[in-house]
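A.B. asks: Predicted structure and sequence below. I'll ask about it afterward.
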Amino acid sequence: MSDDDEHIETRAIHAGQEPDEETGALMTPIFANSTYVQDGPGDHRGYEYSRTGNPTRTDLEDNLASLEGAEYGRAFSSGMGAINTVLNLLEAGDHVVAGDDVYGGTHRIFTQVYEDYDVDFDFVDTTDHDEVRSAMRESTELVWVETPTNPLMNVNDIGALADIAHEHDALCAVDNTFATPYLQRPIEHGADVVCHSLTKYLGGHSDLVAGALITDDEDIDEQLGFYQNSVGATPSPFDCFLVLRGTKSLSVRMDRHCENASELAHWLDDHDSVDTVYYPGLESHPHHDLAAEQMDDFGGMLSFELDASLDEASEFVSETEVFTLAESLGGVESLIEQPAAMTHAAIPKAEREAAGLTDPLIRASVGIENVDDLKADLQQAMDAALD
Ligand SMILES: *Cc1c(COP(=O)(O)O)cnc(C)c1O
């Protein structure tokens, strides 16, 4: 296991992982076991049953905890499985304050699953701390934060929101999927629980679905572990192995994602066919200073509004060749999508427009290809789609 004093690039490769004691195998083996031998009833060697614990998963959980600068990690079969497990900490009658631009699946599980269990949710502009304060109630047990948000890349102040939560004896959970611990470590800013869709940058290769929760609080970890085992949304050892392989290259991938996204954001910002570019690395971004303070770099996600109609924008995303038209994000390959027609199509048009999600808004997950090829691709798609 690596030392906590080592830099994140080193911990990404070594934390939680030792060569296999028996064979010397350098990589964590895929422990494809449901069960483990006991030397006498109850006398096991640390593992009894793989829903409860699996050595490949343990290495991943320790690796992720180290990346977030925390003590405890728990892995799940999806980001939603992880989010569900945070909600398992609540009881009927509890209240949650969340951002009004949280991930669609998060909004869905809050309103279409947990409201049926009598948990109440308020969705507010989490960049407006007065609005957050006035939404807090006696029964508020959780403040749910995402930053940067999807798709307009709003940046929320984790430290300020954690303070508001704690003033009301509520927990602050941060979905750190977009930034990754390479760029932002919410626990350093006071968050109690960090949530990840490992499907995105941490896996990094668009070849798995998994999730994680990380905390520095032993009691919270124990409760999360109880629900992890009781509910059973645990990842397969093979998926754990794939994420471990992904985290080894996190630093070099993120450096390139950030570099490419920044260059594209500036190029788009100067482009005649583009109205607004949403990227926290642009000085014109309303939360640029906060992002510069809270994050080590500005990430690989950006959005921009084409000077185009809904149909022209649809044509544009269909014409790209290096950028693949697809939902999801965070893989090495560049993806592009049109929120109004895809990820956010379920939101009624008037509500969508009020939230700034206009028809010609385009979201890109900028990959690690050569940036000149990415620019050329966007340009040829504009030439083909726009008059
Ligand atoms: C994808 C995503 C999730 C859900 O994760 P899955 O792995 O798809 O279940 C949650 N939050 C954010 C910000 C995401 O991008």
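C.D. replies: Structure's in. What do you need?

A.B. asks: rest of the way, CA atoms for contacts and neighbours
C.D. replies: Fine.

A.B. asks: State the distance from T276 to the ligand.
C.D. replies: 22 Å (Cα to the nearest ligand atom, to the nearest Å).

A.B. asks: ok, now which ones touch that residue?
C.D. replies: D269, F304, E305, L306 (Cα atoms under 8 Å, 6 or more residues apart in numbering).

A.B. asks: contacting residues around the residue lying closest to the last one once chain neighbours are set aside?
C.D. replies: To tie it back to what came earlier, the one meant is L306. Once flanking residues are discounted, L306 sits nearest to V274: 4.5 Å by Cα to Cα, 6 or more residues apart in numbering. V274 makes contact with L268, F304, E305, L306, D307 under the criterion Cα under 8 Å, 6+ apart.

A.B. asks: how far away is V274 from A354?
C.D. replies: 20 Å (Cα to Cα, to the nearest Å).

A.B. asks: Could you do D377 as well?
C.D. replies: Taking Cα to Cα, one finds D377 at 31 Å from A354.

A.B. asks: Settle it for me: which of those two has more neighbours?
C.D. replies: Neighbour totals were compared for D377 and A354, and D377 leads with 17 against 9 (other Cα atoms under 10 Å).

A.B. asks: what does the host helix or strand of the more buried one contact?
C.D. replies: Take DSSP states H and E as the rule and D377 turns out to sit in helix 371-385. Contacts of helix 371-385 with the rest of the structure, by Cα under 8 Å, 6+ apart, involve 260, 263-264, 273, 312-313, 315-317, 319-323.

A.B. asks: Ok, stretch 338-352 next?
C.D. replies: By Cα under 8 Å, 6+ apart, the surrounding residues in contact with stretch 338-352 are 104, 151, 313-314, 317, 327, 337, 357-363.

A.B. asks: just stretch 198-209 next, same as before
C.D. replies: Against stretch 198-209 from outside (Cα under 8 Å, 6+ apart): 77-79, 177-178, 180, 197, 210-212, 239, 242-247, 250, 328-333.

A.B. asks: Select from the residues you listed every entry located in strands.
C.D. replies: Among those, the ones falling in strands (DSSP state E) are S197, G211, A212.

A.B. asks: Closest one of those to G46?
C.D. replies: Comparing those against G46 with Cα to Cα places A212 closest, at 21.3 Å.

A.B. asks: And for the closest residue to that closest one other than its chain neighbours, the neighbour number?
C.D. replies: Spatial nearest neighbour of A212, chain neighbours left out: A75 (4.3 Å); criterion: Cα to Cα, 6+ apart. As a burial measure, A75 scores 30 neighbours (other Cα under 10 Å).

A.B. asks: Let the chain start at 50 from now.
C.D. replies: I'll keep to 50 as the first residue from here, and by that count the last item is A124.

A.B. asks: quick check, A124 in a strand?
C.D. replies: Yes - according to DSSP: H, G, I helix; E, B strand; the rest coil, A124 belongs to a strand.

A.B. asks: That one contacts T134, doesn't it?
C.D. replies: No - A124 sits out of contact with T134 when judged by Cα atoms under 8 Å, with a separation of 10.6 Å.

A.B. asks: Please narrow the contacts of V323 to those residing in strands.
C.D. replies: F353, E354, L355.

A.B. asks: Could you export those as CSV, including distance to K398?
C.D. replies: Converted to CSV, the ones in strands among the contacts of V323 look like this (distance: Cα to Cα, whole Å):
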residue, distance to K398
F353, 18
E354, 16
L355, 18
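
A.B. asks: Would you check how far apart the residue nearest the centre of the chain and T198 are?
C.D. replies: Per Cα atoms, centre = their mean, the C-alpha nearest to the average position across the chain is that of T226, at 1.2 Å. Using Cα to Cα, one obtains 10 Å as the distance from T226 to T198.

A.B. asks: Can you check which residues contact both of the two?
C.D. replies: What both T226 and T198 touch, as defined by Cα under 8 Å, 6+ apart, is an empty set.

A.B. asks: Now D268: which helix or strand?
C.D. replies: With DSSP H and E as criterion, D268 is part of helix 267-280.

A.B. asks: Oh, that last question was meant for I417, not what I typed.
C.D. replies: I417 belongs to no helix or strand, assigned by DSSP H and E.

A.B. asks: Around the ligand, which positions in the stretch 200-349 of the chain sit nearby?
C.D. replies: T226, S246, T248, V258, A259, G260 (Cα under 6 Å from any ligand atom).

A.B. asks: burial count for the fourth one?
C.D. replies: It refers to V258. Neighbours around V258, by other Cα under 10 Å: 19.

A.B. asks: How about the third one?
C.D. replies: By other Cα under 10 Å, 26 other residues sit near T248.

A.B. asks: Which one of the residues in the stretch 200-349 of the chain is closest to the ligand?
C.D. replies: S246 (4.2 Å; Cα to the nearest ligand atom).

A.B. asks: pLDDT weak spots in the chain?
C.D. replies: 50-51 (pLDDT under 70).

A.B. asks: From the ligand, how far off is the residue located most distally from the centre of it?
C.D. replies: Distance from the C-alpha centroid of the chain, by Cα atoms, centre = their mean, peaks at G89 (42.5 Å). According to Cα to the nearest ligand atom, G89 stands 39 Å off from the ligand.

A.B. asks: same thing with E187?
C.D. replies: Where the ligand is concerned, E187 sits at a distance of 27 Å (Cα to the nearest ligand atom).

A.B. asks: burial measure for the closest residue to that residue other than its chain neighbours, as a count.
C.D. replies: Nearest non-adjacent residue to E187, counting by Cα to Cα, 6+ apart: H217, 7.4 Å away. For H217, the neighbour count with other Cα under 10 Å is 17.

A.B. asks: Tell me which residues touch H217, please.
C.D. replies: M185, R186, E187, T189.

A.B. asks: Just the ones of the residues you listed in strands?
C.D. replies: Per DSSP E, the subset of these in strands is T189.

A.B. asks: where along this structure do the helices fall?
C.D. replies: Assignment of helices within the chain using DSSP state H yields the ranges 57-63, 104-116, 128-136, 153-157, 178-184, 207-216, 229-232, 267-280, 286-297, 299-318, 337-343, 359-368, 398-403, 420-434.
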